[in-house]
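> Sequence first, then the predicted structure, then my questions.
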Amino acid sequence: MIRVLGVAAAVIALANIARAQDSSVPVGSRAPSAVVQSLDGKDVDLSTYIGKGPVLLEFWATWCPNCHELEPQLLSLVKQYAGTVTFIGVAVSINESATRVEAYAKKHGFTHPIFYDTHGTASGAYDVPATSWVVVIDKTGKIVYEGVGGDQDLGAAVKKAL
């Protein structure tokens, strides 16, 4: 009986951890605003991009292997949908600096806006569970896709917003 109760407690604890990791702003919700910083330190409100056309936000880090896996697909889509979809990189501030993020973006040929989440404001507003978290927002400001990991089909996600 004690063993069964111990196993049950462990299962409940693991379920609570899994739920905590799955937290995010629900698909179908209005995308929240959040202030991030440009790489030269100026405040930028993400809401200036929302509701003016489709937006893809990627919460990433220079040290993130899943982000590296997504990078070729993302850069291809940036070229493919130039002028139609706004792509925004939000670099998380864990083990990062704006200088490091800027150097990485230049080295890897990023042409889309890259911001730095200095205070974790955007990560908090979007309840970001991990790096490589992608949020796609339609032209009305509604979230139509969320996903994490290096094997996401970003092309299909963008099409949901068009």
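Alright, I've got the coordinates.
> alpha carbons only for contacts and neighbour counts from here, please
Noted.
> can you give me the strands for the protein?
Taking DSSP state E to define them, one finds strands in the chain at 35-38, 43-45, 55-60, 86-92, 114-117, 133-137, 143-147.
> Show me what the longest one is in contact with.
Translated: strand 86-92. Applying Cα atoms under 8 Å, 6 or more residues apart in numbering, the contact partners of strand 86-92 are 36, 49, 53-62, 78, 101, 112-118, 120, 123, 131.
> Pull out the buried members of the residues you listed.
Buried by 16 or more other Cα atoms under 10 Å: 36, 49, 53-62, 78, 101, 114-118, 120, 123, 131, out of these.
> How much space separates residue 55 from residue 31?
10 Å (Cα to Cα, to the nearest Å).
> Identify the contacts common to the two.
residue 137.
> got the contact list for the residue nearest to residue 67 when sequence neighbours are not counted?
Among residues not flanking residue 67 along the chain, residue 132 sits closest, at 5.0 Å (Cα to Cα, 6 or more residues apart in numbering). Contact partners of residue 132, counting by Cα under 8 Å, 6+ apart, are 58-61, 64, 66-67, 70, 148-150.
> just residue 50 next, same as before
The neighbours of residue 50, taking Cα under 8 Å, 6+ apart as the test, are 31, 137, 139-141.
> Farthest-apart pair in these, please.
Greatest spatial distance among the contacts of residue 50 (Cα to Cα): 31 and 139, at 10.8 Å.
> Which one's more surrounded, these two?
More crowded of residue 31 and residue 139, by other Cα atoms under 10 Å: residue 31, with 24 against 16.
> Next one, pLDDT for that one please.
You'll see residue 31 listed with a pLDDT of 96.
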